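Asks: no sequence on this one, just coordinates:
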């Protein structure tokens, strides 16, 4: 612990009126009701880049939160991550108005096929010049599975078995199908691509099959930067094996520190350096020019959090119907097919009983992760303390009231962190991977399992043009 290093931040948002705090869309200064307009996202991206944030981390969910009261009505009426839009379609507009900002996109592989998915993310990596990351998720809502014509979702651990198979196929497409100099763009010889340097991918796995050539030429990163958020026992092993950045939560420093230790230790089991993985904790940050002003802002925001909506969200995350609980009733451990690590944090890993009513409030308990309120100096002290005592690399900043919450962080907290020497004053050049891992180059590190699929002729990107093409 106590490793002083540059803090990293992502703005954590979702293409929906409501994200982690149900009801804040109703705040009179909140612009999230315009979540389905380009102006909203372009402005958000510009603010994030002005603050030198590493990226925008876009959450997504496939399905409707219908566990609470065995009905979707609360989620529908309170806009609990519904309606929501397809996040990949927003990135091009945000990339056009930024130069360095990364984009971590949550995409559920359960209802995708590697062949079409690989092309989509290669395209995004091209259009952003290497600023794309994929947050690998397998889905946890049965409503999404039913919407796709299935009886229900896969069992928790089976989802990760399918993810292993999906990634094996995707790695082959991204890393093996095209050699570095396959694309010639040679107008004189009238050869765009050399067929001898293109390789057919044949993958016959238990869940996915591929027989074809990757449809996109190699992008700057080939494989996008890989994010993951699994911290259950099975999810932790998957993340430690594949992820380059992991998003995790924990409402106290001991809980979060334990999760960090477990992930870094698990990385060693796969032959990886524990610090080849960047760990981001979720964080709710409310900052004012003074501590008193920040507390006033918290009180103002808290009035707009919808209790039923928040419980509907938590019910979907945990698989527990909180409509059957009293507000003063402690949560008890129940094994579910949803986000197991969240239930563990509320119960077996908590140093005191967590009550249902507490989880529905805009508070430290309700936050499920670092909850920081105060002046710029207070916020800087607290974020540095969390990083030092838990060994996280940075934070995903939960969306509160848009745009003022992110503006306040950029205008007030960033200069304070810079003055303490723990935050960058300019972006590094390069891809998203190169920014997070300086000096590494744009491709997967050789110790990453995806690199084992790389064709010997694919040791760099194919962004090469012959003299005839100029």
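Replies: Yep, it's here. Treat the numbers as computed from the prediction; the structure is a model and nothing was measured. Numbers count the residues shown, from 1 in each chain.

Asks: once you drop chain neighbours, what's closest to residue 102?
Replies: In this structure, residue 102 finds its nearest non-sequential neighbour in residue 55, 3.2 Å apart by CB to CB, 6 or more residues apart in numbering. Bear in mind the C-beta positions are built from the backbone N, C-alpha and C, glycine included.

Asks: hmm, the one you found is touching residue 132, no?
Replies: No. Applying CB atoms under 8 Å as the test, residue 55 and residue 132 come out as separate, 9.6 Å apart.

Asks: now do the helices in the stretch 51-200 of the chain.
Replies: Ranges of helices in the stretch 51-200 of the chain, per DSSP state H, counting those that start in this stretch, are 73-77, 91-96, 114-127, 142-147, 156-171.

Asks: buried ones in the shortest one, by neighbour count?
Replies: By 16 or more other CB atoms under 10 Å, the buried positions in helix 73-77 come out as 74-75.

Asks: which strands and helices sit next to that helix?
Replies: When contacts are defined as 3 or more CB pairs under 8 Å, 6 or more residues apart in numbering; DSSP states H and E, helix 73-77 sits against helix 307-318.

Asks: just to revisit the earlier point, next up, the contacts around the residue nearest to residue 102.
Replies: 10-11, 48, 101-104, 131, 133, 432 (CB atoms under 8 Å, 6 or more residues apart in numbering).

Asks: can you tell me the strand partners of the longest strand seen in the chain and which way each runs?
Replies: The longest strand of the chain (DSSP state E) is strand 278-287. With DSSP bridges as the test, strand 278-287 is paired with strand 245-248 (parallel), strand 371-374 (parallel), strand 394-398 (parallel).

Asks: how about the following helix or strand past it: buried residues?
Replies: The first helix or strand that comes after strand 278-287 along the chain, using DSSP states H and E, is helix 291-302. Neighbour-count burial for helix 291-302 flags 294, 297-298, 301-302 (criterion: 16+ other CB under 10 Å).

Asks: all strands of the protein, in order?
Replies: 8-14, 55-59, 102-108, 132-137, 183-186, 191-193, 201-204, 209-212, 225-228, 245-248, 278-287, 371-374, 394-398.

Asks: quick one, which of the ones you listed gets closest to residue 447.
Replies: Smallest distance to residue 447 across the strands of the chain (CB to CB): 13.5 Å, for strand 225-228.

Asks: list the buried residues for that closest one?
Replies: Within strand 225-228, the residues that count as buried by 16+ other CB under 10 Å are 225-228.

Asks: which strands or helices does that strand pack on?
Replies: Counting by 3+ CB pairs under 8 Å, 6+ apart, strand 225-228 packs on strand 102-108, strand 132-137, helix 233-242, strand 245-248, helix 432-436.

Asks: what residues does that strand touch?
Replies: Contacts to strand 225-228, defined as CB under 8 Å, 6+ apart, come from residues 57, 102, 104, 132-136, 235, 238-239, 242-247, 431-433, 436, 450.

Asks: got it, and stretch 289-308?
Replies: Residues contacting stretch 289-308 (CB under 8 Å, 6+ apart): 21-24, 26-27, 68, 74, 78, 286-288, 360-363, 373-376, 378, 400-401, 412.
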